[in-house]
Structures are given as structure tokens and as C-alpha cells.
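Engineer: here are the coordinates; sequence isn't available:
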């Protein structure tokens, strides 16, 4: 069975159906960057990473952020993720100006409103899939019973309900990335930020991961911003924002997005292997 087909029976209580709201129903952006500048001081030299960019992302969008190294896309993602603050300008997240918050306040925003997916998975190697997914809830003080329920629901949602007890080295690269996506979901974030989520994966597995993200976006209305340098990966999203030299050079709707589920259905079936732990 193709991986994305498993979602049909997934528990949908993790993500509220209210999240299907899109900017067609509301003109107020979920995220708004207004005239954002970012200047880094390197000794006596100032490096201008961003030159007054403005960008709105509405609820329910699936946006690809693209650009070469040094274009400003990673700096923008760090600001969106409250990992960095702009030098000038304002960042509004759900109408709250977070651009001037303290480090502790930014950490609270990250824990409650932002789900992160990274290229390197960042899973704890000696911890089960379920325990990896539980981790963000520990920081919010979620009680044990609720943690377990929400972690299981998130793993079901990404097609790994039968892998809750597996360690990362017992999972394929695609399965590990799905665990990372489940971990990003458990705190019911406002937005998921995915930084090169297919960068370490082969072509088929990349399509599988994009199928997960498309499913979460299309069926559950989850807002996703994805950084990628791969034009073909960007074509799975619904909007592409191209950065160059610290400025937005292009912002276009993807008229006919690639459909990961259909592409997987046309590929030869692959039996997923169990990855056994290496003996020391």
C-alpha cells in the first residue's frame, strides 16, 4: 500500500477542522513581514542579509521559499521561526508583533505556535518514535496521558501508527522524516516551517515526504512554509517566493502543483524494510 493511502484511516482529532480556513475566507494574513531588514556585524563590516522585505502568508497556504546560498531565504526562515530578530521592521504572527519580544517570549512562541522540520531529522537516537514525538509537549508541561494520546495520533496522521516503538535506526530515512513531521504537529502549531526536508532523501522518498506535507495542507488546512533549493520540490507547493540578494524577486502561484499521491501510485511498489540496530 502506498504510504499516503494509510492516511485515510488516521485519527483526525489532532488537527481541528477549523484549520481549513484560508485567506479566501479572511483577508488578514496569518504571518506578515513588514519592511524587514537584517544586518549582521562582522567585525567592522556590516552584512545586509535582508533589504526591507515584505511578505504575507495566509492561513492554509503551502509556500516554497527558494534562493541560492546568500539570497536571504535562510535568514527569513530564522525570523519566521523566531530564532532570530530583524534589525528593523515588524513581524506579525496572528496579529502579534513578535519582532521585539525577549528571548524567553520568543521561546514560548516557538514552543506553542511553530513546528519545525529539518533536513537532518534531529531525532534522539536511543529514543523510540513515540518518545521523540512526545518531546515538544514536555516543555509545555502536557500531562502524560495526553502526551501519549497526541503523540500516537500524530504518528497515525503521518502513516506510522505501527512504528511507535521503533528506534530511529530501525526506520528508513523517509520514516524518520515522517517522525520529525509528527513531532512538529503535536503542539498543534500555527505554522510548520520545513527547512530542506527532502535534502537527505532519495527521489522516491522525497515524493513520499512531499505527499505527507500535501496531505496535511490539503486535508487538514495546516499552513506550511518550506525552504528548498530544488525547483521540482517547490512544484509540490502552491506558491513560490524566490529570494535573491536579500530581496524578494518573484512571488508566484503554482498553477498546476505536482500531486505526490498520484506520482507514488505510478511508481513500482516498494516493501519497507525493518532496519535493525547495529551491534556495538
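Structural biologist: Structure's in. What do you need? On a predicted model such as this, the values are computed, not experimentally measured, just so you know.
Engineer: Tell me where the protein has strands.
Structural biologist: All strands of the chain, identified by DSSP state E, fall at 31-42, 45-57, 62-66, 88-93, 96-97, 114-118, 191-195, 223-227, 239-244, 247-253.
Engineer: Could you name the residue of the protein that is farthest from its center?
Structural biologist: Most distant residue from the mean C-alpha position of the chain: residue 44, 35.9 Å away (CA atoms, centre = their mean).
Engineer: How confident is the prediction for it, by pLDDT?
Structural biologist: Looking at residue 44, its pLDDT is 90.
Engineer: sorry, back to before: rebuild the strands of the chain as CSV, extending it with mean neighbour count and distance to residue 103.
Structural biologist: For every residue, glycine as well, the C-beta is placed using N, CA and C. Formatted as CSV, those follow (neighbours: other CB atoms under 10 Å; distance: least, CB to CB, whole Å):
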stretch, mean neighbour count, distance to residue 103
strand 31-42, 16, 17
strand 45-57, 17, 20
strand 62-66, 24, 24
strand 88-93, 18, 15
strand 96-97, 12, 16
strand 114-118, 21, 15
strand 191-195, 23, 19
strand 223-227, 25, 22
strand 239-244, 20, 26
strand 247-253, 13, 28
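Engineer: Make CSV out of those strands and add distance to residue 184.
Structural biologist: Converted to CSV, the strands of the chain look like this (distance: least, CB to CB, whole Å):
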stretch, distance to residue 184
strand 31-42, 16
strand 45-57, 16
strand 62-66, 14
strand 88-93, 16
strand 96-97, 21
strand 114-118, 3
strand 191-195, 5
strand 223-227, 10
strand 239-244, 20
strand 247-253, 25
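Engineer: And those: which comes nearest residue 151?
Structural biologist: Counting by CB to CB, residue 151 lies closest to strand 114-118 out of the strands of the chain; the figure is 13.6 Å.
Engineer: Nearest to residue 158, out of the strands of the chain?
Structural biologist: strand 114-118 (10.8 Å).
Engineer: If you tally nearby residues, what's the number for residue 222?
Structural biologist: Residue 222 sits with 25 neighbouring residues when counted by other CB atoms under 10 Å.
Engineer: from memory it sits against residue 216, does it?
Structural biologist: Yes - the criterion here is CB atoms under 8 Å, and residue 222 meets it with residue 216 at 4.5 Å.
Engineer: and the longest helix along the chain with strand 223-227, angle?
Structural biologist: Criterion DSSP state H: the longest helix present in the chain is helix 203-220. Using axes from the mean of the first three to the mean of the last three CA atoms, to 10 degrees, the inter-axis angle of helix 203-220 relative to strand 223-227 is 150 degrees.
Engineer: And helix 203-220, how far out from the chain middle?
Structural biologist: In terms of CA atoms, centre = their mean, to the nearest Å, the centre of helix 203-220 is set 11 Å apart from its chain centre.
Engineer: Give me the mean pLDDT for it.
Structural biologist: Throughout helix 203-220, pLDDT has a mean value of 93.
Engineer: tell me what that helix is packed against?
Structural biologist: Here helix 203-220 touches strand 62-66, helix 173-185, strand 191-195, strand 223-227, helix 260-266, going by 3 or more CB pairs under 8 Å, 6 or more residues apart in numbering; DSSP states H and E.
Engineer: can you rerun that using 10 Å?
Structural biologist: Counting contacts by 3 or more CB pairs under 10 Å, 6 or more residues apart in numbering; DSSP states H and E, helix 203-220 is packed against strand 62-66, strand 114-118, helix 144-157, helix 173-185, strand 191-195, strand 223-227, helix 231-234, helix 260-266.
Engineer: Please identify which of those is closest to residue 92.
Structural biologist: Among those, the nearest to residue 92 by CB to CB is strand 191-195 (12.6 Å).
Engineer: rewinding a little: show me which positions of the longest helix of the chain end up buried.
Structural biologist: 205-220 (16 or more other CB atoms under 10 Å).
Engineer: for stretch 75-92, same thing?
Structural biologist: Buried-residue list, stretch 75-92, by 16+ other CB under 10 Å: 75-82, 84-87, 89, 91-92.
Engineer: now the end-to-end length of it.
Structural biologist: Criterion CA to CA, to the nearest Å; first-to-last residue distance in stretch 75-92 is 16 Å.
Engineer: Equivalent analysis for stretch 51-64, please.
Structural biologist: 20 Å.
Engineer: pLDDT score for residue 165?
Structural biologist: 96.
Engineer: All set now, cheers.
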